[in-house]
Structures are given as structure tokens and as C-alpha cells.
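> I would like to see how this sequence folds:
(chains A and B)
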Amino acid sequence: MGNVIGIGASPKRKEDQRFLTGRGNYVSDIKRPGMTAGAFVRSPHGHAILRGIDKAAALAAPGVIAVLTGDDVKADGLGSLPCGWGISDAKGVPMKEPPFPMLAQGKVRFVGDMVAFVIAETPEQANAAAELLTVEYEVLPSVVGVLEAVRPGAPQLFDDVPNNICCDWELGDKAAVEAAFRKAAHVAKLSLVNNRLIGNPMEPRAAIAEYEPGTDRFTLWTTSQFPHVVRFLMGALVLNIPQHKLRVVAPDVGGGFGVKQFHYGEEAVITWAAKRVMRPIKWVASRSEGYVSDRHGRDHVTEAELALDETGKFLAFRVNTLANMGGYLSTFGPNIPTNLYGPLLGGVYTTPAIYCNVKVVFTNTVPVDAYRGAGRPEATFVLERIVDVAASEMGIDRVEIRRRNMIPKEAYPYQTPVLVQYDSGDPMGCLDGALVAADVKNFGIRKSESARIGKFRGLGYSTYVEACGLAPSRFAGRLGARGGLYESATVRVHPTGQVTVMIGTHNHGQGHETTFAQIVSEKLGVSFENVDIVYGDTDRVQFGMGTYGSRSLVVGGAALSKATDKVVAKGKKIAAHLLEAAEMDIQFEAGKFSVAGTDRMKTFEEIAGAAYVPHDYPLEVLEPGLEEQAYYDPVNFTYPGGCHIAEVEVDPETGTVTLVNYTAVDDVGTVINPMIVEGQLHGGIVQGVGQALFENAVYDEGSGQLLSGSLMDYCMPRADHMPMMTVATHSTLCTHTPMGVKGCGEVGTIGSPAAVINAVVDALSHLGVTHVDMPATPNRIWRLLQNASLPVAAE
Amino acid sequence: MKPFAYHQPDQIPDAAKLLASIEDSKLVAGGMTLIPTLKQRLASPVALVDLSKLGNLKGITDDGATITIGAMTPHAVVAASKLVQAKIPGLAALASMIGDPAVRSRGTIGGSVANNDPAADYPAGVLGLGATIVTSTREIAADKFFRGLFETSLETSEIITAIRFPVPLKAGYAKFKAPASRYALVGVFVAKFADGVRVAVTGAGSGVFRVPPMEAALSQNFHPSAIAAIKIDTDGLTSDIHAEADYRAHLVTVMAKRAVDAALS
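Have a look, this model is predicted:
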């Protein structure tokens, strides 16, 4: 055996060598012979009737090869962009699902909606010609906010979607909740907004499409988190390309955060156009284009009520939410504010009755879909905020009220009233650990030190749980999923004992090439450097559902674990033959097959060699070769969670909130690579802090213009916004995943917004402030302080 | 980016001649505003006249009662200049707060002043110190130079060659950064001279402006408490998604106090 680097070790990430030395291979790095350039013409209006498009000037421009519009799509009889989830209302009536044409037909419904595609010899020529296209719009009033969209008389996006309501969804026992509210000693109420976010992965979206007439095959290179799903959705449902004639490649991808886990119209248009012009076409989005076309996240308006008895025990929780879908249904759109939101409203508490109503609403904005956390940060924010409100109103300490309602460790598995059953967890243990790590007992001293220099200091808690490892297919199917959510892995052992893994997840920052190699190294006893992980190519990888929902390790890693077990099982058969022993007497440990109780053994490399040179081999009962494949469909979600504690300082003179301490103690199950987990936590927390303090996608009501349409106006969190973070794990093992893993990709983003805002409210509570909407910008805080009509000392 | 002609003259008169003779031509100094605008296809000049090869436009000289900074001097050089730090530390501090390290290495004082972005930092320093803008044809007092939103009194073919700053008794700059862009949401420069105090505000309105009531109060008593009660009228102040006019007005007072603090420290 060589250099085994297994579970629990923190080797440097294999992939970083090429990324840090500029040798990555991103879509925009790829050049194909005869490649042309494409540019999309996008609607400058939020809502308008398309009266006509005059292609003449654009077609006459230098270098232009073709100009395609919605009429061309229609003439070719192509499909609408599909939605992967079909939800229903309480009566079982399916959601309204209007068509989402890949190029607009008849109407445009958001600024950025695609109107035409221009193909030219160079990107400059394509962009110049795109400006020459004459599009006649009859501009209609736009509606961008959910409250405005459901009001009588609001502009209607679709003729057959009254009041712009896609679905009036509900979950839980409404009558039981009403009964509990009637006997409540106290009812806490909270109205809040969950701000709209733009994902901003470092690499903008891009695609190259090519058609080979000799083989009648298409290849699409795209910045995707799930190439196999794009092949299915686009090939089978939009362009009518047989699956075996379509290759989708997602090479190195520079961050996703959910933004790249949808099938986008650009992918379908460019693939369709490549055959029409018989030349490869490349399109690379500009950052500005990304702002008006990358799917946005969050955007809820919510009313919540928590019923409590006189001791502060939660009796029932009622949540009414309006969720923005934007102008059309994106791939996972309607699933996010419903199935990934309602079932999380139990949190880590024993609340016996929960009811949730979500009105899913169309508006003249970019379609809204999953963004890191997807539904679960929204649920956590509602719940963790209202727990603080209830504690404050009832005069109970915020930690104490959480303890009184927390699910005790010994109560797991725990069935919630909102579908999900938590297999394992120890929220009290995470809370206790975080209280110590955050030095909460000395917070009073720090608060008075801040007060001495005229600053208000606050502490905020978020004790949360999330559902990840998406997803058990049977369960998801009952909730409206139109596809499966398993994962697959192939372990190919070469004759010399090195290993190539083909896996259906996609690595775009997560460090899969390292983590998965550690699993193989540990389980097969092979050198870490002798394992390569292949992903992101439908011609090389058997199948896969991709990476999102903290699923890669939980679902993909489980498939990989199963496949390695199969390799070991076959290896034992080969070893039994070579060592002339019974198969049941063969042991495999540390890369060696041995006969129990003897010193007779064969190395893993020897067994691999025998499998491919089967001169002495049980050919009658065993096939040559050493390559195994496994599919894994999880039996349940996994439920990572933990306790986050934020500490902020507010400058009352300017309203500036500074995050001064951040502590996270999380239960993510088994940790394969502690360094990577820590990095995931750091990144996730920063994104959550971004939502809490800085990020906000703002549209102008009426015109539908995106006012925060660039990095000049949309504030991303920066390194100097963050203090050093204290990140630790307090793990219980998942009872149903092969290695006890729970996933960690989204926990940081899910736990943090509530912790930060609870800290801001705590800092200002002595002024009568009970809630602060996100983002807690200086302008917003200053205005709250003005409205609190408590004069701020001006020296 | 759309195609354009590119000229790199090595004499100021040649540059001026190119500007005069080519309609829709533009000067490029550090290009920190112009190049992104070209890349976004928001501007399409016929020709760019690059100032980088012109001699004598870079560097900082000590003239005793004044300091002269060449138009092509990058912000990072001003920020790090021992001379500026010693004579007008508030101006060195201002330069150190512009943009990010890349912008400070490329961006120039002449480019910033000529562009007169309503949220740029240098206009506050230039107006606050009552500097003189030296051009290819004349000298212009700061009070006569800035004309509101991206407008100045420069003629079409006139080129800024240097900015001459009088050395104050004390000066300070305080900037409240816009959260996303890190331009000045409000920036205030205060400078105390033997004959009085000047206060210049950037970011708050459509262009840099002075605040006479604060100047009068600080001339009497150069201390933050002297202006704590002076409120700025919201008329003419900017409201946008980051800050409404009343918040900007409030910040002018807060930043003015902090600028005085900085000048005194």
C-alpha cells in the first residue's frame, strides 16, 4: 500500500494546483475550429407586448451569420423550458404552468427576457449587430413585488393565471393549529421580508455548442452544476434530440451556488442554433448580463405567529408567505418556497402543530429559483426571529426559551408535524458548545466596553436544522418531483491498481477531487494520488443528477462507497481463487487481501493485475476486469444543524453594523476532510452575512428595471466585512447514510442570517427596536433609530 | 468595446491638437472610469488620446507654500508620498481611500479631477484646499472649476497638467463609503488656513460643494462640537437605493465632524 490519505485527514486540495496556476479549463477557455460568437438581445422592459422584430439592419451588419427569434423557435416546433417540479394546492389542483419559450413569443415578462440571438464571426460583431436589431415593444406596466402582484387590478403576466398566483400551497394541520392558538397564553407575531438575492458566482455563465453532421451528434459545453440533467431536460423536452446524440460537458466551473443548477434558455438556443448555422457557437455572459438573467434567490414576504403556553413552550406555529417566482417557472422554482421551506418550520423544537400557506406569485422579474440554502434559510429566518420576539415579549431569556423547546438528543429519531423525520441530532450539545466557544459569559463586559465608545453591541443566536442530501426519490415524487434524485458512481480499477472514479455529481468549488479520493484511498487502501475523479461529461460519466442541496457527499459519496464495496467483494472472490481459500475466509484490510489467520495475502495491485490478465482466474464463475458501478437513492434527507452566534457592534451615528465575532458549532455528521468542511462553513457563513447586512436585489415598481444591476450597486460581502470566525463541529452520525455523513455545503448560509439579525435587534432592543429587515444597511438602521424617536447623541 | 483610433503623443501641444481636430475624441489618463465605460459599450469615442507618454506630468514637487502634483500621478504615489504626508496628511489619507489597490495604482489625480464624478474623492480635496488646476492653457481656481455632475470648466482641447495645493495649517478627510461601489456616499474635506476654514462635500449631491455655515463656525472654533448642530438642507442632495437625501444630509454633519477630528489628530 502506498500513501493512504483517508477519512478525517486534511490534505491540500488536488484541484487547487491547476486553479492556482492558471491551468483550469473553463468553458470560455475552450476554442473549437470555425467557432462563431453569439449575443442575446434582451428585453429592456419589464413587461411589454412584442409587436415585431426587424432583422434587416442586424443581418446586414459585418460578420453576421444569422439572427434568430421566437418566431423561428415556433416554426421549428420546439418545446418550452420545462419545470422539474409540479406542486399542487390543498385541493390537489396543479400549479399554473405557463410556457417558458426559449426566445420570447408575443410578450416579454422581465428585463433580460431573451428576444433574439445574433450569431457572427466575432463577439464584437455579434454585440454590434445585436444593438442594430429593431424590436417594436408596446410597453405595459410592470409589477415586481409580491404584495403588489396579488392586489386587484395589478398588471397580469399571463391571461390564464388570475391574480398572478401560480399556486396556493399549504402544509400542516390548519385546524389543530387554530385550536392551539385559541388556548395560547401568548401569541408572538412577526411580519418580515426575506430579501431578494443574486448569486454572483465568480465565473459568469457561458456555453459552446457544436453539431457534427457526420455522426449527427450535438455537444454542449456549459457552465452547469448538472450536465446529465441538462441533457435530459434540453434533449428530451425542448429540442427533441435523442439522448445518445447529445453530449453535455460541464468542465471546470467557477462557482455555482445554485445559479448554475437550472436548464437555461441560452443552452437550448445555442445548441439549436449550432445546427442551423452548421458552425460551433460560443456565448459568454457579461457580469451585467448575469444580473438580469441568472436566476435570483429568496424574495419572500411573510406573516408569522407563534402560540406559546405560560411557560414559554411552543404550542403551534402559523406562517403565511408570498413567494416571488419572477416572470416564468425556472427548473426548480416552485419547489423552493414550498417543499424546501414548509417542512423546515419545525426547526429543532418540539412544536406540535404547524401550518404553512405559501402563495407562489409571478412578477415581472428574473425567474427566482434555488440559491445556496434554497428555502431553508428562509424557514430558519422566520422561525429563529420569532423565537426571539416571543422570548422578549414574555420576558424569557433567549437561550432559555430555546432549551425549553428543543428536541432532546434521546428523542431522535423525531417525527415533526411537517412531513420530515429527523434521524439524529443533538441541538442542545451544539448550543452548549457554541455558548462556550463564543465566550457568551463575558459578553456583558464587551457590551459595556462598546457603550463606553458610544457603540451598541448585540448578541444573536440561531439554533437551526436543515434538510439536505437531496433527495429520497419516492418522497420527492410524492411532493411533485418529476425526476429522480439518486446518484451514481463507477469505480474503475486499472490493471496497475490505480483508480478512476466516474461520478454524477459536479465539482465547482467543493473539493470533490480531494474528498472523494480520500474515500477511495481509505476504502481500497490505495494511494491518494492514485485516484482521479471524473465528472461533468455525459460521454464519460454513466449518469448523475449533479450537485446542489448539499447532496454530493451524502448521495454521491454513498454511491461511491457502495461501488468500492462491490470492488472489494469481487476482489475477495479473485483472491480466494488465487490463495486457494474459501471466499468467506478472505479479509480485506489496508490494501491487502489475506486468508484469515495466515500470512498468505495478495495486494490490491496484484488482484487488479489478475483481473485484467486472467490466466489463473475463475473464468467459469467470474468475469474478468475490476470495475464496479453503484446507484444510491437515499432513504431520508439528512439533517445537519447547529448553533450560530453572531456578535455585532452598531454605530448609532451612522447606522453602520459591524460583525465583530462569529461562532458556529455544527453537526454535519462524519467529517471526511476537516479543512474543506471549515472552508464550506466559512464561505456559507459569509454568504449568509451578505444576505443579512449587504445584499439586496432592488427592482423599480412600474418599470420593472433592476436598480441594483451591477457590483456598483449590489453589495457583495468582502473580506474586510468579516471577523475571524470560530468554526467547530459537534457531530452525531447520520443513521442512514453509509458513512454517517450529513453534508455541509449550505449550513453556513442557512444558520447565519437569523443569528446576525437577532444580534442587530439585540443591540438596538433598548431603543424599542423589535425587528430589522434584511439587509441591515446603515441607511435602514439610521432610519429605524430616527423612527424610534430617540435622539442619538450628537456629541 | 467598439473600434477607435489610438494616439499616444509625447508633447502636450500635439495632444491638444489631436483633441481639437478629431471630433468625439477623448483623453485617457489612468482610464479607471473610461475603460469600463468603453467595455460596456456605453461610450464610443472615435479616438483616444493617451497622456501616458507626455513628459513632466508625473511627480510631486514642494514649492514651499504649495505642493504641486502632476496630473498623471497615480493615487498610490500621492498616498505614499512622504512630502504629502508631511505637508497635507489629509490629502495623502484621501488618496489612500480611493477605490482599491489596482485603481490606486492606475488612476490619476488629473483624470479624477477632469472626470468630476459626483462621488469621487479628489474633487473634495481640491475644492476643500482651494487648489489651483493648472492646464495646458491657463490656471483655474477650484471654486471656478467644478460645474456639477461630470461637468467642469475645461475647454474641449484643454489638458490638466498639474494641481497646485496650498499647504494648510490643518486638513482632514472623512469618507462614508457607499456599501457596494465604495465611492463616497458622503465624503467631507476640511482645511484650516490662516484666513479661515474651507469645507467641501462630495458624494451627497450632483457635484462637490462647499458648506459656508460650517466654514464660518469652524473658523471661529476648529473643533467638531462647533458644527455638531449644523444641519444641511436636503434640497439638491441625492436619493438612491443606498441612501435617501435626509440620511446623506445627516452624514454630511457626521463626516464633517470626523474630518475635523482627523485634522486635529
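> what's the spacing between stretch A:85-100 and its chain's center?
Chain-centre distance of stretch A:85-100: 22 Å, with CA atoms, centre = their mean, to the nearest Å.
> Could you export that stretch as CSV, CA atoms only?
Output of stretch A:85-100 as CSV, limited to C-alpha atoms (Å, rounded to 0.1, in the frame of the first residue of the first chain):
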residue,chain,number,x,y,z
TRP,A,85,-41.4,20.2,-10.1
GLY,A,86,-45.2,20.2,-10.2
ILE,A,87,-46.7,21.3,-7.0
SER,A,88,-50.5,21.4,-6.2
ASP,A,89,-52.8,23.3,-3.9
ALA,A,90,-54.7,22.0,-0.9
LYS,A,91,-57.4,20.6,-3.2
GLY,A,92,-54.9,18.9,-5.4
VAL,A,93,-55.2,21.4,-8.2
PRO,A,94,-51.9,21.5,-10.1
MET,A,95,-50.0,24.8,-10.2
LYS,A,96,-50.4,27.1,-13.2
GLU,A,97,-47.6,26.3,-15.5
PRO,A,98,-47.5,28.8,-18.4
PRO,A,99,-45.0,28.1,-21.2
PHE,A,100,-41.5,29.5,-20.9
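> Please name the residues that touch residue 252.
Reading this off chain A. A:18-19, A:24-26, A:508 (CB atoms under 8 Å, 6 or more residues apart in numbering or on different chains). C-beta: built from backbone N, CA, C; applies to glycine.
> wrong one, I was asking about chain B
Counting by CB under 8 Å, 6+ apart, residue B:252 has contacts B:186, B:188, B:201, B:204, B:211, B:232.
> Same check on residue B:172?
With contact set as CB under 8 Å, 6+ apart, residue B:172 has these partners: B:90, B:93, B:189-190, B:258-265.
> which bits of the stretch 151-265 of chain B sit near chain A?
By CB under 8 Å from any CB of the partner chain, the residues of the stretch 151-265 of chain B that approach chain A are B:176, B:179-181, B:224-225, B:228-229, B:241-244, B:247, B:250-251, B:253-254, B:257.
> and those residues, which are buried?
Using 16 or more other CB atoms under 10 Å in any protein chain shown as the burial test, these include B:176, B:179-181, B:224, B:242-244, B:247, B:250-251, B:253-254, B:257 as buried.
> Could I get the pLDDT score of the closest residue to residue A:183 other than its chain neighbours?
In space, and not counting its chain neighbours, residue A:183 is closest to residue A:315: 7.3 Å by CB to CB, 6 or more residues apart in numbering or on different chains. Here, the pLDDT recorded for residue A:315 equals 98.
> Also residue A:431?
At residue A:431, pLDDT is 98.
> Run a quick neighbour tally on the residue in chain A positioned nearest to chain B.
Chain B sits closest to residue A:715 of chain A, with a gap of 3.8 Å, by CB to the nearest CB. Residues lying near residue A:715 (other CB atoms under 10 Å in any protein chain shown) number 22.
> State the phi and psi torsions of it.
phi -90, psi 110 (degrees, to the nearest 10).
> Correct me if wrong: it contacts residue B:182.
No: checked against CB atoms under 8 Å, the pair residue A:715 and residue B:182 is beyond contact range at 9.4 Å.
> quick one, domains of the chain?
If you meant another chain, say so; for now it's chain A. Annotated domains of chain A cover A:16-22+A:486-632, A:33-140+A:202-255+A:260-291, A:296-470+A:636-787 [automatic domain parsing].
> Chain B was what I was after
If you go by automatic domain parsing, chain B breaks into B:5-50, B:60-264.
> Most tightly packed of those domains?
domain B:60-264 (a mean of 21; mean count of other CB atoms under 10 Å in any protein chain shown).
> Endpoint to endpoint, that domain covers what distance?
25 Å (CA to CA, to the nearest Å).
> With adjacent residues omitted, what lies nearest to residue A:368?
Closest residue to residue A:368 in three dimensions, ignoring its sequence neighbours and counting by CB to CB, 6+ apart: residue A:326, at 4.7 Å.
> related to what we said a few turns ago, mean pLDDT lowest for which of the domains of chain B?
The bottom spot among the domains of chain B, by mean pLDDT, belongs to domain B:5-50, with a mean of 94.
> element containing residue A:399?
helix A:398-405 (DSSP states H and E).
> Only alpha carbons, please: show that helix as CSV.
Taking C-alpha atoms only, helix A:398-405 is exported to CSV below (Å, rounded to 0.1, in the frame of the first residue of the first chain):
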residue,chain,number,x,y,z
ARG,A,398,-33.5,33.8,24.5
VAL,A,399,-31.3,30.8,25.3
GLU,A,400,-33.7,29.5,27.9
ILE,A,401,-36.7,29.6,25.7
ARG,A,402,-34.8,27.6,23.1
ARG,A,403,-33.8,25.0,25.7
ARG,A,404,-37.3,24.6,26.9
ASN,A,405,-38.5,23.7,23.4
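> Show me what it is packed against.
The helices and strands touching helix A:398-405, judged by 3 or more CB pairs under 8 Å, 6 or more residues apart in numbering or on different chains; DSSP states H and E, are helix A:376-394, helix A:427-437, strand A:456-465.
> just to revisit the earlier point, by neighbour count, which of the contacts of residue A:252 wins?
Neighbour tally across those (other CB under 10 Å): the maximum, 25 neighbours, falls on residue A:508.
> If I look at the nearest residue to that one once chain neighbours are set aside, what pLDDT would I see?
Excluding the flanking residues, the one nearest residue A:508 by CB to CB, 6+ apart is residue A:253, at 3.7 Å. Residue A:253 is assigned a predicted lDDT (pLDDT) of 98.
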